[in-house]
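Chemist: Can you look at this prediction? I've put the sequence above it.
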Amino acid sequence: MSGEQTGQDEPQTGQLERVSDIGGGIGSGGVDSGRVGGIGNGTNRLLFTTLLREEWRLHTRLFGGWRFASFPLLIVLLAAGATVALLETGTAPSTIVLGLHVLALGFGLYSGTAGFAGSNMLENVFGRLSLVLSSASTLPLSRRRLLGIFLVKDALFYAVVFVLPMATAAVPIGGRSATTPTDLLALWFSLSLVFAAGMTATVALIAVRTRGVPTWAIALALVSAAAGTWALDGSAAIESVRTLIVPLSGSLPAAVGLAGGTALVAAASLALYDPTYGRPTRTASDRFSQLRAAGDRLPFADDPLVVKTLLDLSRSAGGVWKPFVSAGILLALVAALVGVVREITGIEPAPGIFFGGVLGLAAFTTYNWLTQFDSLEFYLTYPVAIDDVFRAKRAAFVLVGTPAVAVPYLAAVIRFEATLVDAAVGAILLAGYGLYYYGLTVSIAGFDPNEFLFDSVRFGTFTVGVAVAIVPTLVAGFVVVPPTPTLAAALAVAGIGFGALGIVLSGRAGPKWAERYRNE
Amino acid sequence: MGILRVDELRKSYGAVRAVDGMSFDVERGELFGFLGPNGAGKTTTIRSLTGQIVPDAGTISVLGTDPTTAPLETRRRVGILPEQASPPSFLTPREYLEFVGDVRELDEATVAAGIEHWAERLGFASKLETLHTDLSRGQQQKVMIAQAFIHEPAVVLIDEPLANLDPLVQEQVKQFLTAYAADDNAVFVSTHNIDVAADICTRVGIVADGRIVTERSLVDETGDSLLETFLEHVDDADARDMPALERTEIEA
């Protein structure tokens, strides 16, 4: 993305080329003044293929053709490799299948997180990336129709480039037999269904938001629903969750019900979606100077770059609660996984170590939120060093990220009754791994964490970097319950070590990305 | 010697030579127009002048600083108005200008006075408390103009100065830029709008193929129009983004 947003002449030429491609495609397809009244399935197909082509070109242009084309292969390697490793260590196949579904659901929810943030994100992020999606004002196409086709395209696109490679885990699970292709297809359909359900849930939230329902009310409803489900803690509730998120293990009517429900909610969401929704113009008192004046009392308030980042975050749709919601979603998914694994195997991990290790991953989404409202190019027009920009982002990350993961972590260790040692070690892991994941993200992705997901080289590096820390930790968390003093000490040292590494990585990111931007 | 000097500047992106032997000087008191079609190398030149990118070759001097080796010093001294739309910031114009004053290390009184002055002058005083992202594009452009001038720099680099402005404000901005340059400052305006360049610039450099192909003064000049000069020096390949541009003889 950075290449296209730099304002330099050459990428602009690239954008113009894309406009003409798309314009030509639509024009030739017949969305002209003579057919406005008769736009039908032909136009839908044309829009769909145009959006699909645009999506493909966007990714291949951002990351380079082979780097994006090899992304599904990377997922195949990761999915199949991890499955083989888990089977070798005695993990039940049903647990692996469950884990894959949790991942697919999480990815589905995440795919719509930008939309969940509200209409400003929809316009600024999606509109910037997809020229066809933002063409409702220039072509005789309704915004609702464009959004609907866009989402169908997204679901199918990701079902092929992301979910299908994940489904190759069916091969090591089932062994190579005559039924392998069928098993693979069944797992793919099951994962795709859960992925689509996750996406649809997010779309529904967008639709509700466009009807003027405040973000805080949506967040409150979600938290209440999650807390209510969690409080039930019965095997029936656990079974219901498992049936819902693993259609492959449930009955056919349940799977059909989920598919029908997803389609119904998606259709209702589009019907509810108000394309004319416009937030009333907002005003604000001068918080910038107030915060700067409090620089001697509040941490980091003496840095204008930090203050700007925090104000941008707090005033964007969803406010400072966005990182909390992201961490909450992660907590809910992991808690569901733990509950179902316990039901299947009777094994329950050390909650402090397990949740401390996993919740640190929220560093990625928190950093993503902190970089949504500016760009390095913006700062390069002022006497501001790129190094200082990254330092400010790290300060903001600590300020926002700490409570965002501390609250769900505390809830988890209390709910799952962690021992004191386990909770203390988990807290060290949470802090250390959070800093490490942050440093890893900044080092690999710079200022565009949301855009390296489909760059196979960067994504592969990130995945390996995360796995190095999290896999041994989770294994230890499952195998030694409660943790022995030796294991607790070793993990605490690991947490501190990875935290230090994260600080070094994020500290080096400034000079690294300054060099890269200036010598592009 | 000009306060803004470029000599044999070169910059390539892969196989594409964006800037290829660019040379020019701008003196105090000048409003220099950097006129050329899209893809001619204008934005790359501005990014080199402000130290945002490192050129492959050539020398640059801006108010005695070298933006290649001391980009922060250069950016501290100049004002920059980029063509790229500003990100969707959620600061208000007042807060945004305070932020700019802060990173430019201006004292609070200067910033406060500057905010009132520019808001009044450009007509966004009633919008000072509105979130930047909720402003119209024209209002956002006004705020961006204000940030470029709030520290009263001796050199201002502007990419498409009148984008998104209504005709009345366009006229105000044109008059202001002319007066600002005449007050012993230098204003460097990059544009592909020939009328804008003809209207406000004291001198114009026409850019094509990554270099200045001709320069001409617009002070007390008669003879060929700027459009004629432009068409003489920008060949078909350079004007590829303006396919409809061709000579038309109009009979009286």
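Modeler: Perfect, thanks for sending it.

Chemist: Let's check: the centremost residue of chain A is which one?
Modeler: A:Tyr110 (3.6 Å; C-alpha atoms, centre = their mean).

Chemist: And the pLDDT at that one?
Modeler: For A:Tyr110, the pLDDT comes out at 74.

Chemist: Distance from the chain centre to the strand or helix carrying it, please.
Modeler: Per DSSP states H and E: A:Tyr110 is located in helix A:93-111. Centroid separation for helix A:93-111 versus its chain: 13 Å, with C-alpha atoms, centre = their mean, to the nearest Å.

Chemist: ok, now stretch B:135-153?
Modeler: The answer for stretch B:135-153 is 13 Å, by C-alpha atoms, centre = their mean.

Chemist: again, but for stretch B:120-130
Modeler: 23 Å.

Chemist: Would you mind listing the buried residues in it?
Modeler: B:Arg121, B:Leu122, B:Gly123, B:Phe124, B:Lys127, B:Leu128, B:Thr130 (16 or more other C-beta atoms under 10 Å in any protein chain shown). Where you see a C-beta, it was placed from the backbone N, CA and C, and this is true even at glycine.

Chemist: Wait, B:Asp25 touches B:Arg5, no?
Modeler: Yes: shown here, B:Asp25 and B:Arg5 form a contact pair, counting by C-beta atoms under 8 Å, at 5.1 Å.

Chemist: how about B:Leu35, phi and psi?
Modeler: phi -110, psi 130 (degrees, to the nearest 10).

Chemist: quick one, strands of the chain?
Modeler: I went with chain A, as the question did not name one. In chain A, no segments count as strands under DSSP state E.

Chemist: that's the wrong chain, I wanted chain B
Modeler: Using DSSP E, strands in chain B cover B:4-13, B:16-26, B:31-35, B:57-62, B:78-81, B:155-159, B:186-191, B:203-208, B:211-217.

Chemist: mind checking how far A:Pro172 is from chain B?
Modeler: With the distance defined as C-beta to the nearest C-beta, to the nearest Å, A:Pro172 ends up 42 Å from chain B.

Chemist: so who does that residue touch?
Modeler: With contact set as C-beta atoms under 8 Å, 6 or more residues apart in numbering or on different chains, A:Pro172 has these partners: A:Ala80, A:Thr83, A:Val84, A:Leu87.

Chemist: ok, the nearest residue to the first one once chain neighbours are set aside - contacts?
Modeler: Sequence neighbours aside, A:Thr168 is the residue nearest to A:Ala80 in space, at 5.3 Å (criterion: C-beta to C-beta, 6 or more residues apart in numbering or on different chains). Neighbour list for A:Thr168: A:Val76, A:Ala79, A:Ala80, A:Leu184 [criterion: C-beta under 8 Å, 6+ apart].

Chemist: Out of the residues you listed, who's the most crowded?
Modeler: A:Ala79 (21 neighbours; other C-beta atoms under 10 Å in any protein chain shown).

Chemist: surely A:Leu435 meets A:Gly499?
Modeler: Yes: A:Leu435 lies in contact with A:Gly499 (C-beta under 8 Å); the separation is 4.4 Å.

Chemist: Settle it for me: which of these two has more neighbours?
Modeler: Counted by other C-beta under 10 Å, A:Leu435 and A:Gly499 do not tie: A:Leu435 has more neighbours, with 27 against 22.

Chemist: Out of the contacts of A:Pro172, which sit inside helices?
Modeler: A:Ala80, A:Thr83, A:Val84, A:Leu87 (DSSP state H).

Chemist: Quick check on these: which are buried?
Modeler: A:Ala80, A:Thr83, A:Leu87.

Chemist: Look up how far chain B lies from A:Val475.
Modeler: Distance from A:Val475 to chain B, by C-beta to the nearest C-beta: 43 Å.
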